[in-house]
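Participant: just need the structure, nothing else, for what follows:
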Amino acid sequence: MQTEKQIRGAIGEQAAVDYLRRNGFMIVERNYRIARSEVDIIATRHDELHFVEVKTRKFGTMTAPEEAINEQKLRAMRRAASAYMAQHHSMLEPRFSLIAIEMVGDRVEALRFVEDALEYGW
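Facilitator: Take a look at the predicted model:
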């Protein structure tokens, strides 16, 4: 049986996938894991390979979804992205993005897409 947090996370991740598709992305992989590293969504658009972290929180909590990323998570994402690109011999330009989702109950209240989140000090 899934916890409330797991259910909220699954709803948020599906909302992120739907958002990306509506905005011209092709979803390549979901929940890509290698060793102890993971990327929530890998998607392509144009000549770019996007590694997307999805953070979902209850609306109005003390910590915004964007603030839930730490240096350890960033290192893990970079490792997973490097492994994915090597494994798939990808020559596409890698980009690291964030989708922050806030929910009320089981409804998405706010979704923010931060493309190239690493460049903005994420």
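Participant: which residue is nearest the centroid of this structure?
Facilitator: The structure's the chain has its C-alpha centroid closest to residue 53; by C-alpha atoms, centre = their mean the separation is 2.0 Å.
Participant: can you give me how far the worst-scoring helix or strand of the chain on mean pLDDT is from the chain middle?
Facilitator: One helix or strand of the chain scores below all others by mean pLDDT, DSSP states H and E: helix 71-87, with a mean of 88. How far helix 71-87 lies from its chain's middle: 13 Å, per C-alpha atoms, centre = their mean, to the nearest Å.
Participant: please enumerate the helices of the chain.
Facilitator: 4-22, 71-87 (DSSP state H).
Participant: name the helices or strands packed onto the longest one?
Facilitator: Read it as helix 4-22. Here helix 4-22 touches strand 26-34, strand 37-45, strand 48-58, strand 93-104, strand 107-114, going by 3 or more C-beta pairs under 8 Å, 6 or more residues apart in numbering; DSSP states H and E. All C-beta spots, glycine's among them, are computed from the backbone N, C-alpha and C.
Participant: that one - what's its average pLDDT?
Facilitator: Averaging pLDDT along helix 4-22 gives 94.
Participant: many thanks, we can stop here.
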